[in-house]
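# Requesting a structural model of the entry that follows:
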Amino acid sequence: MAVIFLNQPLHSIGDDDAALKEMGYRKVYGSIIPLSPGGDEVDEDLFKKLKSARKRERKIKKKCEELAKKALNDFTAASKTYLSSKHCLFVALFELNKKSRIEDRLSLQALWDLTVKYDILKKLNEPVSVWDKPKSSGNGKRTIASFGPVASAAQHMVKKLLRFTYEPQGLQFQHLSFSQKVEHAITSISAKGHKHVIEIDIEGFFPSFTEEALLKTLDLPNEAIRQIVMSNGANCNPHLKKHHKKCISLPSGLPQGSASSAAVADWCVANMHFQDLTDATVINHADNFFVFAASKQAAEGVSKALSFAITEAPGGNFKGIEKQSKSLQSGFSMLGCNIEVSTKGNAIVSPSEANLEKLSEETSKLVAWCENLLRIANKTNSKIKRLRGLQEFLRLEGLYNGWLHAFAFCGSEIEVIKEDARYVLKLLRYEFDIHDYELKPLMDTSTNAACKWYSGC
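Okay, here's the model as predicted:
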């Protein structure tokens, strides 16, 4: 008698609505979030509000974009409407909530309560954790702020608006990642026969912005500049684990840790007036400018023009300082890479030691979290622990893939790291019985780990 094997469909926790509900979660627009107190009826009502808010937010944002190209005065008024809208804030909070780890996510009810509680243009006094972090150079410290969900959402709203108001300079290469900018530099060196590099850094860039200058030049409502960009109403508290002082406040200038600060910095560079840059290749990233030229003299001429443009930049009082001036054959550092160029123009590129240490630090943390959660899940048969552990695995896999992709143009060190990544990921899959069918439904915004650092440049 023939034996018939029936292939049972393979289920993932992320695809099982009943299992998610049993754990106290539900899926909304692809994101797993906690259930709201009050049950299904409350959540369904809030989902309808969110759905309506998303439509309203798109409409207001599109209007702002159109006006930014026509009349900036009208744009400023429209951007005030956007930032005052509870619909837009609710959407921004939800989108930011999706990027958090599952255990840190808020329910729709909690997000709506925050939307109603705060008026981000009048009094954005949400608590902020603040601490001093040593600079990677070893010289001094910088004050870092970890903002709450409402302030962070408001900052992302400002970031979107601000991007409508300017066209990036060619030297900003905003369509390129930091590693792609290194690749572009290498291509230019070979194609144009550059022999010398000078790096200009804007000294104390974020602290050099002033409220007075931003109020005069930034095309945003004054209330947005004071409350969101400058964080004047922030309720600062020392970080419980990273800071031991009883009192701490944000320093002058743009707060480091704010999403809008980086956007304002890009706006500032985009509005600089550069001259006499034709004899060189100039590449900007954040507050760093790399000048590649055929000779030291040519590079110095361009760097002087850059330094002058920096002093005239809008938004504050800025000064350019020279960080390095080197013959390309002697080797130089750029955005987390060490580069040497031969007499024939061939480049040898390797990640900096600080960059490799950062990769090791980040991957070690993710491996530890992943193993711990999945071991607990196995011992206790906890579905939520397994779900969290699988998402940590996805972050680890994404980080490895992102880093290897970013530095694919480097030398043999990449092959070693590639083998390490393959071994670590394969071992985790084997030990904890991890399969793609289970992982795929758990992929979301929070698991898209990107390689963003360029330490040690």
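# Would you map the strands across the stretch 301-450 of the chain?
Assigned by DSSP state E, counting those that start in this stretch, the stretch 301-450 of the chain shows strands spanning 320-327, 332-334, 337-341, 347-351.
# Low-confidence regions, this structure specifically.
1-11, 136-139, 240-247, 276, 449-457 (pLDDT under 70).
# Same list, the strands of the stretch 301-450 of the chain, but as TSV with distance to Leu20 and mean neighbour count please.
(Glycine included, C-beta is placed from N, CA and C.) Formatted as TSV, the strands of the stretch 301-450 of the chain follow (distance: least, Cβ to Cβ, whole Å; neighbours: other Cβ atoms under 10 Å):
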stretch	distance to Leu20	mean neighbour count
strand 320-327	51	15
strand 332-334	46	22
strand 337-341	43	20
strand 347-351	40	19
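# Could you chop this protein up by domain?
155-351, 354-447 (automatic domain parsing).
# Which stretch among those domains approaches Ala18 most closely?
For the domains of the chain, the distance to Ala18 is smallest for domain 354-447, at 11.1 Å, taking Cβ to Cβ.
# if we can go back for a sec, need the winner for burial among the domains of the chain.
Stretch with highest mean neighbour count among those: domain 155-351 (a mean of 18; mean count of other Cβ atoms under 10 Å).
# Distance across that domain, terminal residue to terminal residue?
32 Å (Cα to Cα, to the nearest Å).
# likewise stretch 428-444?
Across stretch 428-444, first to last residue, Cα to Cα, it's 20 Å.
# Would you format the strands of the stretch 301-450 of the chain as TSV with distance to Val367 included?
Putting those into TSV (distance: least, Cβ to Cβ, whole Å) gives the following:
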stretch	distance to Val367
strand 320-327	35
strand 332-334	29
strand 337-341	25
strand 347-351	20
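# what's the closest of the ones you listed to Leu250?
Taking the strands of the stretch 301-450 of the chain one by one with Cβ to Cβ, strand 320-327 is closest: 24.0 Å.
# I'd like to know how far Arg441 sits from Tyr430.
If you look again at residue 441, you'll see it is Pro, not Arg. Distance of Pro441 to Tyr430, given as Cβ to Cβ, to the nearest Å: 21 Å.
# again, but for Ser364
Taking Cβ to Cβ, one finds Ser364 at 19 Å from Tyr430.
# Please tell me how far stretch 119-135 is from the chain's geometric centre.
17 Å (Cα atoms, centre = their mean, to the nearest Å).
# Repeat that for stretch 383-396.
22 Å.
# in which helix or strand would I find the closest residue in space to Leu108 that isn't next to it in sequence?
Spatial nearest neighbour of Leu108, excluding adjacent residues (Cβ to Cβ, 6 or more residues apart in numbering): Leu46 at 3.9 Å. Following DSSP states H and E, one finds Leu46 within helix 40-68.
# Which elements pack onto that helix?
strand 25-28, helix 72-84, helix 86-98, helix 108-117 (3 or more Cβ pairs under 8 Å, 6 or more residues apart in numbering; DSSP states H and E).
# Take these and write them to CSV, including mean neighbour count and distance to Glu397.
Output for the helices and strands packed on helix 40-68, formatted as CSV (neighbours: other Cβ atoms under 10 Å; distance: least, Cβ to Cβ, whole Å):
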stretch, mean neighbour count, distance to Glu397
strand 25-28, 19, 21
helix 72-84, 18, 37
helix 86-98, 22, 19
helix 108-117, 18, 29
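# buried set for the helix holding Leu46?
42-43, 46-47, 49-50, 53-54, 56-57, 60-61, 63-65, 67-68 (16 or more other Cβ atoms under 10 Å).
# Repeat that for stretch 19-38.
By neighbour count, and taking 16+ other Cβ under 10 Å as the criterion, the buried residues in stretch 19-38 are 19-20, 23, 25-28, 31-36.
# what about it, start to end distance?
19 Å.
# so how far is it from its chain's centroid?
With Cα atoms, centre = their mean as the basis, stretch 19-38 stands 26 Å off its chain's centre.
# what comes into contact with that stretch?
13-14, 17, 42-43, 46-47, 50, 94, 97-98, 102, 105-110, 383-384, 387, 442, 444-445 (Cβ atoms under 8 Å, 6 or more residues apart in numbering).
# switch to 6 Å and redo it
Residues from elsewhere that reach stretch 19-38, judged by Cβ atoms under 6 Å, 6 or more residues apart in numbering: Ile13, Val42, Asp43, Lys98, Ile102, Arg105, Ser107, Leu108, Gln109, Lys383, Ile384, Asp444.
# right, and out of those residues, which lies closest to His405?
Closest to His405, out of all of those and judged by Cβ to Cβ, is Asp444, at 20.0 Å.
# can you pull the contacts of that closest one?
Applying Cβ under 6 Å, 6+ apart, the residues near Asp444 are Gly30, Ser31.
# same check, this time on the one 4 residues further on
With contact taken as Cβ under 6 Å, 6+ apart, Asn448 is in contact with Gly398.
# mind checking how far it is from Arg395?
Taking Cβ to Cβ, one finds Asn448 at 8 Å from Arg395.
# same question, Ala110
24 Å.
# Ser350 too?
On the measure of Cβ to Cβ, Ser350 and Arg395 end up 26 Å apart.
# And for Ile248?
30 Å.
# How about Ala68?
35 Å.
# before we move on, what about Ala151?
Taking Cβ to Cβ, one finds Ala151 at 24 Å from Arg395.
# quick one on the thing from earlier: dump the domains of the chain to a markdown table, plus distance to Lys135.
Conversion of those to a markdown table gives the following (distance: least, Cβ to Cβ, whole Å):
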| stretch | distance to Lys135 |
| --- | --- |
| domain 155-351 | 11 |
| domain 354-447 | 12 |
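# before we move on, back to that, any idea which of the strands of the stretch 301-450 of the chain gets closest to Lys159?
Nearest to Lys159, of the strands of the stretch 301-450 of the chain and by Cβ to Cβ, is strand 320-327 at 25.0 Å.
# who touches that closest one?
His196, Val197, Ile198, Glu199, Ile200, Asp201, Ile202, Glu203, Ser307, Ile310, Phe332.
# now stretch 292-301
Residues contacting stretch 292-301 (Cβ under 6 Å, 6+ apart): His194, Lys195, His196, Val197, Ile198, Asp279, Ala280, Thr281, Val291.
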